[in-house]
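Visitor: structure of the sequence below:
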Amino acid sequence: MASRRPDRSKVAPAFWQGLGAVGLTPTAVLRHARLPATLATDPRGQVTTAQYFALWRSLEALSPAPDIGMRLVVGMEPGTLPPAFLAAYYARDLREALTRVARFKALCSPEEMILEENGASATISLAWPLAGEDAPAALVDAAFASFVELGRRGTRRVIRPLRLELSGTGRNVSGQSDYLGCAVIQGARRNALILHRADLDAAMVSHNPEMLEAIDPHLARQRQEHLSKASVTEQVRWALKRLLAGQTPDVGAVAQELGLTARTLQRRITEEGGSFRRILADVRRELVRQYLADPALDMNEVAYLLGYDDTNSFYRAFRSLEGTTPARWRSLH
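Guide: Presented below is the predicted three-dimensional model:
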């Protein structure tokens, strides 16, 4: 049986620094979360996803501000940001910057970020694959604010999303709406930030190819070490979710994303008793159920996000798997 990667990650120094900007201290937050007081000063300290969530729930409990997550991010100093975000500032444009964050974010938090472009919009969604509960609202707010701050600071333009969708309900989200400059919709199927696709073309003012050339090998090595703790199947699933929209990635594309040769990747998948084709089918099956549950996505968009050439190809593949049409499945579920 394939082993799962260890549920351990570091807490970025920017988090501890940001607490001061919102009137809190690491000591108070750690005490409330019942975590070791040395966690904020130990560069090797790591937490589980549950402990990471506990930190953010303590932040919510100790602050009366309903938009505390976004306030924390706005108060962070760029010099304390995780390497994944620092490297993003040297990217060519906002699209490349966000892609770099998605690629290296696992080095500084237990969450996954997925960037999908479709039509005139681009959607950023989040996932915590090792979580046993919903992510704290402050953490969700902070994650989305970090992407907007990256865009605003990095391009020196006013980046205003189309909307923010939150799965929770009953929150006071006026602060979030004011900061983002867009509507905040509660009770959505998932947490997602929808941007204007054209904003992704905005140039990063600190673009520096030389710095990227120096930083990338270091981040790639760290990422490979992190991924090596996961089974090859998990690594392939992660890569496919990032690459799937608008195309059907082959073994070569996934191998390149993972820093392997296609031959090596094929061998390792076989050693785990799997096949690339089966993993791709499983990922599509997981994603299609998520997409069909979202009434805002029409069938053309769903087909695109799953990497099918056209809607007819999507319909045929779906019917062979589920024994019914996508529209019928959506109406039943």
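
Visitor: let me know the pLDDT of residue 314.
Guide: With respect to pLDDT, residue 314 scores 91.

Visitor: ditto for residue 6
Guide: 59.

Visitor: same thing with residue 224?
Guide: In this model, residue 224 carries a pLDDT of 66.

Visitor: can you check residue 330 too?
Guide: 89.

Visitor: packing partners for the host helix or strand of it?
Guide: Per DSSP states H and E: residue 330 is located in helix 326-332. Under the contact definition 3 or more C-beta pairs under 8 Å, 6 or more residues apart in numbering; DSSP states H and E, helix 326-332 sits against helix 276-292, helix 299-305, helix 311-322. For the C-beta atoms, the positions are set from N, CA and C on the backbone; glycine is no exception.

Visitor: output it in PDB with nothing but the alpha carbons.
Guide: Below are the C-alpha coordinates for helix 326-332, written out as PDB (Å, rounded to 0.1, in the frame of the first residue of the first chain):
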ATOM      1  CA  PRO A 326     -23.300  14.900 -16.900                       C
ATOM      2  CA  ALA A 327     -26.500  16.900 -16.900                       C
ATOM      3  CA  ARG A 328     -28.500  14.000 -15.500                       C
ATOM      4  CA  TRP A 329     -25.800  13.400 -12.800                       C
ATOM      5  CA  ARG A 330     -25.900  17.100 -11.900                       C
ATOM      6  CA  SER A 331     -29.700  17.100 -11.500                       C
ATOM      7  CA  LEU A 332     -29.600  14.000  -9.300                       C
END
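
Visitor: center of this structure, which residue is that?
Guide: With distances taken as C-alpha atoms, centre = their mean, the residue of the chain nearest its centroid is residue 113 (0.9 Å).

Visitor: about what we covered before: go through the helices and strands packed on helix 326-332 and pick out the most buried.
Guide: Ranked by mean neighbour count, those are led by helix 299-305 with a mean of 20 (mean count of other C-beta atoms under 10 Å).

Visitor: and that one, what does it pack against?
Guide: Where contact means 3+ C-beta pairs under 8 Å, 6+ apart, helix 299-305 is packed against strand 112-118, helix 276-292, helix 311-322, helix 326-332.

Visitor: tell me what angle the third one forms with helix 276-292.
Guide: This means helix 311-322. 100 degrees (axes from the mean of the first three to the mean of the last three C-alpha atoms, to 10 degrees).

Visitor: can you pull out the strands in the stretch 51-200 of the chain?
Guide: 112-118, 121-127, 163-166, 183-186, 192-196 (DSSP state E, counting those that start in this stretch).

Visitor: hang on, the earlier thing: in terms of pLDDT, where does the closest residue to the residue nearest to the centre of the chain other than its chain neighbours sit?
Guide: Once flanking residues are discounted, residue 113 sits nearest to residue 102: 4.5 Å by C-beta to C-beta, 6 or more residues apart in numbering. For residue 102, the pLDDT comes out at 85.

Visitor: about what we covered before: format the helices and strands packed on helix 299-305 as CSV; extra columns: distance to residue 170.
Guide: CSV is the format used below for these (distance: least, C-beta to C-beta, whole Å):
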stretch, distance to residue 170
strand 112-118, 26
helix 276-292, 24
helix 311-322, 35
helix 326-332, 27
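
Visitor: these: which one's closest to residue 222?
Guide: strand 112-118 (16.3 Å; C-beta to C-beta).

Visitor: show me what that closest one is packed against.
Guide: For strand 112-118, the packing partners by 3+ C-beta pairs under 8 Å, 6+ apart are helix 94-104, strand 121-127, helix 232-243, helix 299-305.

Visitor: among the ones you listed, which gets the worst mean confidence?
Guide: helix 232-243 (a mean of 81).

Visitor: I'd like to know which elements that one is packed against.
Guide: strand 112-118, helix 251-258, helix 262-271, helix 276-292.

Visitor: using CSV, write out every CA atom in it.
Guide: Written as CSV, here are the backbone C-alpha positions of helix 232-243 (Å, rounded to 0.1, in the frame of the first residue of the first chain):
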residue,chain,number,x,y,z
VAL,A,232,4.5,8.6,-6.4
THR,A,233,0.8,8.3,-6.9
GLU,A,234,0.1,11.2,-4.6
GLN,A,235,2.8,13.3,-6.4
VAL,A,236,1.2,12.5,-9.8
ARG,A,237,-2.3,13.4,-8.5
TRP,A,238,-1.0,16.7,-7.2
ALA,A,239,0.7,17.5,-10.5
LEU,A,240,-2.3,16.5,-12.6
LYS,A,241,-4.6,18.8,-10.6
ARG,A,242,-2.3,21.7,-11.4
LEU,A,243,-1.8,20.9,-15.1
